[in-house]
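**Student:** Fold the following, please.
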Amino acid sequence: MIGGAVTFVNPEPLAPFADVVAAGEGEHLVPALVEALRSGSTRDAVLGSLARQRGFYVPAFYEPRYDEAGLLAGLDPRPGLARPPPCRRPR
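**Tutor:** Next up is the predicted model:
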């Protein structure tokens, strides 16, 4: 898991190095993280639980989409995976 100010702006360059990217303040994210770790019986269950929470990005569940200039244009759920749209920072 990685987090910090850089992940708020663009987590994609760090995505190959993390299972989970935390995008937001720890005060908002830690309760959901603890609950996912306690209730998840497998790694995929924990990652799936976090992917459904605001503020967590699970790179393995998404495919980056780039524009003609090579800039990140968006993230799409990988085919065959029932995952929500990519994360939004917690409120």
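**Student:** any idea how far residue 39 is from residue 9?
**Tutor:** Per Cβ to Cβ, to the nearest Å, residue 9 is found 31 Å from residue 39. Where you see a C-beta, it was placed from the backbone N, CA and C, and this is true even at glycine.
**Student:** got the phi/psi numbers for the residue nearest the centre of the chain?
**Tutor:** Taking Cα atoms, centre = their mean as the criterion, residue 57 is the residue nearest the geometric centre of the chain, at 0.5 Å. The phi/psi pair for residue 57 (degrees, to the nearest 10) reads phi -120, psi 120.
**Student:** List the buried residues in the helix or strand of the chain with the lowest mean pLDDT.
**Tutor:** Every helix and strand in the chain was compared by mean pLDDT, DSSP states H and E; the lowest is helix 5-9, with a mean of 75. Neighbour-count burial for helix 5-9 flags residue 7 (criterion: 16 or more other Cβ atoms under 10 Å).
**Student:** Following that helix in sequence, what is the next regular element?
**Tutor:** Per DSSP states H and E, helix 5-9 leads on to strand 21-22 as the next helix or strand towards the C-terminus.
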